[in-house]
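> Have a look; sequence and predicted model below, questions after that.
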Amino acid sequence: MILTIFLSLVFCVAITLMMLSAVAFIQDKKLFSSAPKEAQAVLRHRDKELFYGARIIGWTLMIFSILMILGVGVISIWDGFRSGFTFWQFFFRFVFIFTVYKLYDMICFDYFLLLKFHFFQFYYPEVKEVYADRKYGYNIKSQLLKLLVIFPAASALVAWICTLS
């Protein structure tokens with residue numbers, strides 16, 4: 001259980017690093033496909049880097065965060081095999097990691113960074129009007145669908161695959 005909690009925290013750190021690298025350093029509109037259509041419509045293309053080498057730093061951090069996410073998956077599965085996990089143990093581990101991540105995403109990213117601290121708006125001031133009257137993030141239905149349906153289904157599928165052998 002302690003490993004599962006630790007892996008959940010690593011997953012959240014990796015996602016935070018990914019978001020930071022995309023928003024603050026890389027600044028490519030293509031990386032904001034999950035933003036609402038209204039925000040995507042007003043985003044301006046950034047030809048100029050925030051500072052010299054910002055995109056190199058951003059892509060390095062992005063690759064590192066992807067490797068961290070893959071590492072969480074590999075360690076989750078490897079430790080489960082090593083420990084002789086059943087379907088339900090694998091399922092609980094995966095659904096726990098995904099649930100912690102999604103709650104972190106909804107609370108920290110959507111609520112605090114986007115609406116309270118205006119992190120995204122600092123780097124992209126043209127979207128201030130899009131988020132001005134929102135009391136919560138822009139995609140609560142999509143977030144809840146992932147939290148309550150997609151992530152448990154994906155967890156069950158991966159747990160089933162892990163217990164086939």
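Now that the structure is in, tell me what you want to look at.
> which helices and strands sit right next to the helix or strand containing residue 70?
Secondary structure assigned from DSSP states H and E places residue 70 in helix 54-83. Other elements packing on helix 54-83 under the criterion 3 or more CB pairs under 8 Å, 6 or more residues apart in numbering; DSSP states H and E are helix 2-20, helix 87-104, helix 151-162. For every residue, glycine as well, the C-beta is placed using N, CA and C.
> C-terminal to the first one, which secondary structure element comes first?
Scanning forward in sequence from helix 2-20, with DSSP H and E defining helices and strands, the next element found is helix 37-42.
> tally of neighbours for the closest residue to residue 79 other than its chain neighbours?
Of all residues not flanking residue 79 in the chain, residue 3 sits nearest, at 5.9 Å (CB to CB, 6 or more residues apart in numbering). Residue crowding around residue 3 was assessed by other CB atoms under 10 Å; the count is 13.
> Surely residue 3 is in contact with residue 77?
No: look at residue 3 against residue 77 with CB atoms under 8 Å: they stay out of range, at 12.0 Å.
> if I look at residue 24, how far off is residue 106?
Residue 24 is 21 Å from residue 106, where distance means CB to CB, to the nearest Å.
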